[in-house]
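J.: predicted model follows, preceded by the sequence.
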Amino acid sequence: MSQDFLWEEKYRPHKIADVVLPPDLKAVFQAFVTKKTVPNLLLSGPPGTGKTTVAKAMLDELGADYIVINASMHGNIDTLRTDIMQFASSISMGGARKYVILDEADYLNPNSTQPALRNFIDEYSQNCGFIFTCNYKHRIISPLSESRLTTIDFMIPKTEMAGLSAKFFSRLLKILEGETVAYEKMALVEVIKKYAPDWRRVINEVQKYAIVNGKIDAGILVNQNVEIIKELVPLVKDKNFTGMRKWTAENKDLTTADLFRAFYDASSALLVPATIPVLVVILAKYQYQAAFVADHEINTTACFAEIMMECKFK
């Protein structure tokens, strides 16, 4: 999908002043822009909170040359070496400092790729800066997170959530008006309450619903989780491992968080009450593992296989 199609890209802020962040955190990034110097950074925090947006906005304001590498998709050391060396070894048109944004850096191999990046950062320090983003900073090796990068946590205090949600609400209205999509304000308020501070998730959910329905109304609040797994549940209930494995492979685009939440939300309707605690423990275990595994399909299949063996359906 092109950037013009994805609202999250089309309406991504290009200035720090326009990013939805707590004031103290925004002030830090604005200071980097004002002083016209951005250090090597590790931006850490939950998904959708603006880490990549902040990295791009700072560099856009400075007019700096930069490339973005999605580490979860292009984390091979040879690919990184080629891309980074080609970019970082050349001088920008204006002679200014260049930058590499390594998105989702916590997916990089800690035994090979991450150690190699230490040398890249040191070797190109005169010409190129590095900004890493991650959801789980403990997965970044200490020679990077403690010695070469300044870590900034995107943690949003509960006391500031209402104010930030209100600011994001205003932005969401502008997006919908820009796309000429009719909306019900209360429906949008509830969607934001459900997903905040994952602003990207809010935009994606709203765009997805708008594409199908042409407007945003109370229907967006209907729990879609049971719909997600309606074909999967009979396979797990009947212990049809082959069918379940095929379904998992064909639905790799669904996030593990959505799938596990779907089972959690539907547990009372699906399972004998005595086995619901067992389901919760299984889901928690595999959701935790999802942050570390190399192959999410195998992890998800294993989760459903264990549910199949340990849980009793109605």
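T.: Thanks, I have the structure now. Residues are numbered from 1 along each chain as shown.
J.: out of everything not next to it in sequence, what's closest to Phe168?
T.: Excluding the flanking residues, the one nearest Phe168 by Cβ to Cβ, 6 or more residues apart in numbering is Val20, at 4.9 Å. Bear in mind the C-beta positions are built from the backbone N, C-alpha and C, glycine included.
J.: contacting residues for the residue positioned nearest the centre of the chain?
T.: Nearest residue to the geometric centre of the chain (Cα atoms, centre = their mean): Pro47, 3.5 Å. With contact set as Cβ atoms under 8 Å, 6 or more residues apart in numbering, Pro47 has these partners: 135, 198, 200-201.
J.: hmm, back to that, list the contacts of the residue nearest to Phe168.
T.: Val20 is in contact with 50, 164, 167-168, 171, 199, counting by Cβ under 8 Å, 6+ apart.
J.: contacts for the helix or strand in which Cys303 is found?
T.: For Cys303, the host element (DSSP states H and E) is helix 296-310. Residues outside helix 296-310 that contact it (Cβ under 8 Å, 6+ apart): 232, 236, 239, 241, 244-245, 248-249, 252, 256, 259-260, 263, 275, 278-279, 282-283, 285-286, 289-290, 293.
J.: how about stretch 86-94?
T.: 63-65, 67, 98, 100, 120, 124, 127-128.
J.: tell me which residues in it are buried?
T.: Neighbour counts over stretch 86-94 (16 or more other Cβ atoms under 10 Å) mark 87-88, 92 as buried.
J.: residues near the spatially closest residue to Leu117 that is not a sequence neighbour, how many?
T.: The shortest distance from Leu117 to any non-neighbouring residue, by Cβ to Cβ, 6+ apart, is to Leu144 (6.5 Å). A count of nearby residues for Leu144, using other Cβ atoms under 10 Å, gives 22.
J.: next up, phi/psi of the closest residue to Arg171 other than its chain neighbours, please.
T.: Once flanking residues are discounted, Arg171 sits nearest to Val20: 6.9 Å by Cβ to Cβ, 6+ apart. As for Val20, its main-chain torsions (degrees, to the nearest 10) stand at phi -80, psi 100.
J.: number the residues from 59 up from this point.
T.: Taking 59 as the first residue, the last one we looked at is Val78.
J.: quick check: Pro71 is in a strand.
T.: No - counting by DSSP: H, G, I helix; E, B strand; the rest coil, Pro71 is not part of a strand but coil.
J.: of the contacts of Pro105, closest to Tyr69?
T.: Arg258 (11.0 Å; Cβ to Cβ).
J.: contacts for the host helix or strand of the closest one next, please.
T.: Assigning secondary structure by DSSP H and E places Arg258 in helix 257-271. Under the contact criterion Cβ under 8 Å, 6+ apart, helix 257-271 has outside partners 64-66, 69, 78, 105-108, 226, 230, 233-234, 237, 239, 246, 249-250, 253-254, 274, 277-278.
J.: any quick ChimeraX command for the buried ones out of the residues you listed?
T.: Command for ChimeraX that selects the buried part of the contacts of helix 257-271, burial taken from 16+ other Cβ under 10 Å:
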select :65,66,78,105,106,107,108,226,230,233,234,239,246,249,250,253,254,274,278
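J.: I'd say Val249 and Ile278 touch.
T.: Yes - between Val249 and Ile278 there is a contact under Cβ atoms under 8 Å: 6.0 Å.
J.: any idea how far Lys343 is from the residue lying closest to Ile340 once chain neighbours are set aside?
T.: In space, and not counting its chain neighbours, Ile340 is closest to Glu364: 5.2 Å by Cβ to Cβ, 6+ apart. When distance is defined by Cβ to Cβ, to the nearest Å, Glu364 is 8 Å away from Lys343.
J.: compare the two (neighbour count), which wins?
T.: Taking other Cβ under 10 Å, Glu364 and Lys343 do not tie; Glu364 has more neighbours (17 against 13).
J.: mind pulling the model confidence for His123?
T.: For the record, residue 123 is Asp, not His. pLDDT, Asp123: 93.
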